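> I'd like to go over a predicted model; first the sequence, then the structure.
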Amino acid sequence: GITMRENDRNIIRGLAEQYREHCESERNYFDRASEQQIVREYRTLVQDQILKYWKQVAPDRQYGGFITDFDRRWNVRSTDKGAWGQGRLIYSFSETHEHFPEEGWLDLARLGKDFALQHMYAGNGRFYYLVDRTGAKVLDGPTSVFSDGFIIAGLARFLSASGGGTPEDAQLLQSLFDRYAENIMDVNFSDTAPFEASREICSHALPMIGLNVAYEVNRVLPSGNARQLIDHCLDAVLNGMYDPETGLILEKKYRDGRRCQGPNALLVNTGHAFESMWFCLEAILTTYGPEDPRISRIRDIAETNYRASRGPDGESVFSYSAGEDAIKFKTWKYEIDFAGTDKVSWSYAEEMYLWALLAKLTGEETYFRRFLHLHQFTQTHFIDREYGDWFHALNQNNEVIYDFKGSTVKVAFHMLRAMLRIMELFSTEREN
């Protein structure tokens, strides 16, 4: 069966106290008033600006699963269902249930879980990338291991939120995860769209998402297998993808540690690098504890990425080169292209949570000030006060360039997850 763990953020808050003692840090900003104000603001924002809308528009009561593709005013643009969007909403609604248990979120998560397992499962631990609304027609096959990862993480969080599920649920999750872990660690595995990976080249996205999936599974099924993937991915991110010349995490590298050649060889995706660092931090804190020496490398990488990713106005850019070459970051066929200098909502959310977590971990005011700055910036520029949720992206002048609310991959996920986690981190009550 499944063994449940104490609320994650409580564990991390406790470990943060130990870490500060370990570092004998005198610095302790703890601006309780600001923290409590933010908890109140996020509670309102999450409920009134994000969840209220997704609860109305996403559930497909006729065919199951979720409709996820909307313009700014929540008009449906497409009814196709992508595994990324389905898995992420299963995750989001399950996590939301842990905060607002009386509001039916678990039933919504179940709607997505049942659809994904009945209509998107391709066999052998793999999921179709895209199906039509009914699930009867496969529009794109199991081309992306990230489809598998997002659905597995969603199922793990669903089991956590529902108090453990049945032994059959646990068995299913374990078998899906076993195959996923095998694929992530197999250098010959090639279904890594939209990212480039091969026998010779590793993409940062593989161990980064692999780490998060293993962390989620380990919460509900603590097993040697999840631990093995956690260790593999920590090493791949903090050593394999690390560029010793610059101190940055590159998006692709040769597996033997050398830099790649050719276009975008030294690409850094700012949001990925920040997101990856908090994935590493949470995995290390909960698996190895606050004295682990890798925590200082994470802090160094976060600092280097922060300094390197400032645009002309001092805010984060979407992507940049670790060298002198110009970059053009091209996303996959179902998404859109960004200029390196654009400001993208999910990237800001990931950076915001990382600084909040580091502030809590170290007691250092610099981290808290950075978090507060991002909090204020996102409130001013990213929240769509008229139609709800966040704008997708701004240009370097803070003008909205993409205002759609969803796609087959973009749903209530990054921003919601960051705000829910920050609420837990800054909350004064300790749940049991």
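Sure thing, it's come through.
> phi, psi for I152 please.
phi -60, psi -40 (degrees, to the nearest 10).
> got the contact list for it?
By Cβ atoms under 8 Å, 6 or more residues apart in numbering, the contact list for I152 reads 87, 173, 176-177, 180, 213, 216-217. Any C-beta I mention is one placed from the backbone N, CA and C, and that applies to glycine too.
> how close does it get to Y387?
32 Å (Cβ to Cβ, to the nearest Å).
> which pLDDT value belongs to E24?
Among the per-residue scores, E24 holds a pLDDT of 69.
> also P263?
pLDDT for P263: 79.
> so it sits in a strand?
No: assessed with DSSP: H, G, I helix; E, B strand; the rest coil, P263 is coil; it does not lie in a strand.
> how many neighbouring residues does it have?
11 (other Cβ atoms under 10 Å).
> now it: phi and psi?
When read as degrees, to the nearest 10, the backbone of P263 gives phi -60, psi 140.
> now swap in P194 and tell me
phi -90, psi 10.
> for L267, same thing?
Dihedral angles (degrees, to the nearest 10) for L267: phi -60, psi 130.
> for S319, see how far away it is.
L267 is 6 Å from S319, by Cβ to Cβ.
> repeat that for D389.
23 Å.
> now swap in S407 and tell me
For S407 relative to S319 (Cβ to Cβ), the value is 19 Å.
> which one of those two has more residues nearby?
Between S407 and S319, S319 has the larger neighbour count (other Cβ under 10 Å), namely 24 against 21.
> tell me the bridge partners for the more buried one.
N269 (DSSP bridges).
> again with R126
Using DSSP bridges, the beta-bridge partners of R126 come out as G123.
> what about the strands in the stretch 301-432 of the chain?
Under the criterion DSSP state E, counting those that start in this stretch, the stretch 301-432 of the chain contains strands at 319-321, 343-344, 393-394, 400-402.
> low-confidence stretches in the chain?
1-7, 24-30, 325-336, 429-432 (pLDDT under 70).
> what about 80?
Counting by pLDDT under 80, the low-confidence segments of the chain come to 1-17, 19-32, 164-165, 223-224, 263, 324-337, 428-432.
> for it, what spans make up the helices?
Listed in chain order, the helices of the chain (DSSP state H) span 8-23, 32-45, 52-57, 83-99, 105-119, 145-161, 167-185, 205-220, 224-235, 270-287, 294-308, 345-362, 365-381, 414-426.
> touching the second one from outside, list them.
I take that to be helix 32-45. Contacts of helix 32-45 (Cβ under 8 Å, 6+ apart): 368, 372, 375, 379, 383, 419-420, 422-423, 426-428.
> buried only: go through these for me.
When the contacts of helix 32-45 are checked for burial by 16 or more other Cβ atoms under 10 Å, the buried set is 368, 372, 375, 383, 419-420, 422-423, 426-427.
> and which of the residues you listed is nearest Q228?
Q228 lies nearest to L420 out of the buried ones among the contacts of helix 32-45, by Cβ to Cβ, at 28.5 Å.
> if we can go back for a sec, dump the contacts of helix 32-45 to TSV, plus distance to D313.
Converted to TSV, those look like this (distance: Cβ to Cβ, whole Å):
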residue	distance to D313
F368	21
L372	17
H375	17
Q379	17
I383	19
M419	24
L420	29
I422	24
M423	28
F426	27
S427	32
T428	35
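> mind picking the two most distant members of these?
Within these, two members stand farthest from each other by Cβ to Cβ: I383 and T428, at 25.3 Å.
> on that earlier part again, got a markdown table for the strands of the stretch 301-432 of the chain, with distance to T79 too?
Listed next are the strands of the stretch 301-432 of the chain as a markdown table, based on distance: least, Cβ to Cβ, whole Å:
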| stretch | distance to T79 |
| --- | --- |
| strand 319-321 | 31 |
| strand 343-344 | 25 |
| strand 393-394 | 24 |
| strand 400-402 | 21 |
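> deepest-packed of these, please.
strand 343-344 (a mean of 25; mean count of other Cβ atoms under 10 Å).
> that one: partners in the sheet, and parallel or antiparallel?
strand 393-394 (antiparallel).
> skipping adjacent residues, who's closest to G271 in space?
Distance criterion Cβ to Cβ, 6 or more residues apart in numbering; nearest residue to G271, sequence neighbours excluded, is S347 at 2.7 Å.
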